[in-house]
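1. Kindly generate the corresponding structure for this input.
(one chain, ligands or ions: 1)
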Amino acid sequence: MSEISVNFGGIAALSDVSLEVAPNQVLGVIGPNGAGKTTLFNVACGFVQPDTGTLTWRDRELTRLKPHQLAGLGIGRTLQGLGLFDRMTVLDNVVVGADRHARAGFFSGLLGLRRSAREERELRERAMAVLDELGAADHAQALPSSLPYPERKRVALARALVSEPDLLLLDEPAAGLSGEDMAELGGLIRRLSRRMSVMLVEHHMDLVMSVCDHIVVLDFGKNIASGPPERVKEDPAVLAAYLGDEVEHDRPATTRS
Ligand SMILES: Nc1ncnc2c1ncn2[C@@H]1O[C@H](COP(=O)(O)OP(=O)(O)OP(=O)(O)O)[C@@H](O)[C@H]1O
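-> As a prediction, the model looks like this:
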C-alpha cells in the first residue's frame, strides 16, 4: 500500500502510510490505542476506502476492491468478530471459505455450475486437512457456538486458509488467547509463512516481536518507525509513543482520539 490516507471527519486516522509485504514475510503492524491499526486493516480488506493512496497486490490495483473480491485475488483474512455461521457445522463453515474462492473465479470451471459429487468431496477433504493442520479436526461436526473462543478462532483461521491464500491478513489474532495458545499461534504463523505472506495487526507485543520479520509502527495515523523487531524495539520514537500511551491510560476519562 502506498501513501494511504484516511480521514474520518476531522480525524486523520491514517496519513500517508506506505507498506509492503514481501513474499513469505510476516509483517506486523503495531501502535498505541487509536494509532490507526484497525483502519489500516480495514483498508487492506476493502472495508474502508482510502481518501488518497493506492493498494496493490501482485501488480493488481486493489484500491476500489470490495471485501468479497479478496479471496479471488489470493488474499485470506480473519476478523476479530469471527463471523462464523452458528447453524452450520465447523466443517461446513470452512467449506464456505473455499466456496467464496470458487465463486470468485479460482476454480473457473465451477463458475455458475453446481459442484459435482467429486468436487464436493475434494472440497470437504481439503477443509478437513486444514482443520487437522490447526488441531481442530475433532470439532468438524460441532457447531461453532458449542466451542470455546480459542477453538472458534481456529475455525475462523481454517476458513481463511482453505483457499490457500498467498497473503493472509490477521486482525488481532492473539486477542482472547492464553499464553499457551498464543505460543502455539506464533508457531503456526511461522509455519504458514513458508507458503504465504502474513500481515498481522496485533496488540500483543511478545507475539509481534517473536513472529514478525518486519514491523510497522503507527502513531496518530503516521508510520513512525519500521524495520526488523530488534531495531523497532529500541527505536526512541516507538518507546516515546508507547510511554505516552501508558501515561494516557493512567489518566482516567482521557482518550487519545
Ligand atoms: N468509523 C470511524 N469514525 C470516526 N473516527 C474513527 C472511525 N474509525 C476510527 N476512527 C478514529 O480514527 C483513529 C484511528 O482509529 P483505529 O481504530 O484505526 O486505531 P487502532 O490503532 O486500531 O486503535 P485500537 O488499538 O484502540 O483499536 C482514532 O482516532 C479513531 O477514533
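
2. Could you export stretch 2-17 as PDB, CA atoms only?
-> Listed next in PDB are the C-alpha coordinates belonging to stretch 2-17 (Å, rounded to 0.1, in the frame of the first residue of the first chain):
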ATOM      1  CA  SER A   2       1.300   3.400  -0.900                       C
ATOM      2  CA  GLU A   3       0.700   6.800   0.600                       C
ATOM      3  CA  ILE A   4      -2.700   5.800   2.100                       C
ATOM      4  CA  SER A   5      -4.600   8.500   3.900                       C
ATOM      5  CA  VAL A   6      -8.000   8.100   5.600                       C
ATOM      6  CA  ASN A   7      -9.900  10.800   7.300                       C
ATOM      7  CA  PHE A   8     -13.000  10.400   9.500                       C
ATOM      8  CA  GLY A   9     -14.500  13.800   9.800                       C
ATOM      9  CA  GLY A  10     -11.700  15.900  11.200                       C
ATOM     10  CA  ILE A  11      -9.600  13.000  12.300                       C
ATOM     11  CA  ALA A  12      -6.700  11.700  10.300                       C
ATOM     12  CA  ALA A  13      -6.900   8.000  11.000                       C
ATOM     13  CA  LEU A  14      -4.100   7.300   8.500                       C
ATOM     14  CA  SER A  15      -1.700   9.900   7.000                       C
ATOM     15  CA  ASP A  16       0.400   8.900   4.000                       C
ATOM     16  CA  VAL A  17       1.100   5.300   5.200                       C
END
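
3. Show me what counts as buried in it.
-> Using 16 or more other CB atoms under 10 Å as the test for burial, stretch 2-17 gives Ile4, Ser5, Val6, Ala12, Ala13, Leu14, Ser15, Val17. For the C-beta atoms, the positions are set from N, CA and C on the backbone; glycine is no exception.

4. Considering only these, which also neighbour the ligand?
-> With respect to the ligand, and counting by CB under 6 Å from any ligand atom, the subset of those in contact is Ala13.

5. Make CSV from the buried residues of stretch 2-17 and add secondary structure to it.
-> Formatted as CSV, the entries for the buried residues of stretch 2-17 read as follows, by DSSP: H, G, I helix; E, B strand; the rest coil:
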residue, secondary structure
Ile4, strand
Ser5, strand
Val6, strand
Ala12, strand
Ala13, strand
Leu14, strand
Ser15, strand
Val17, strand
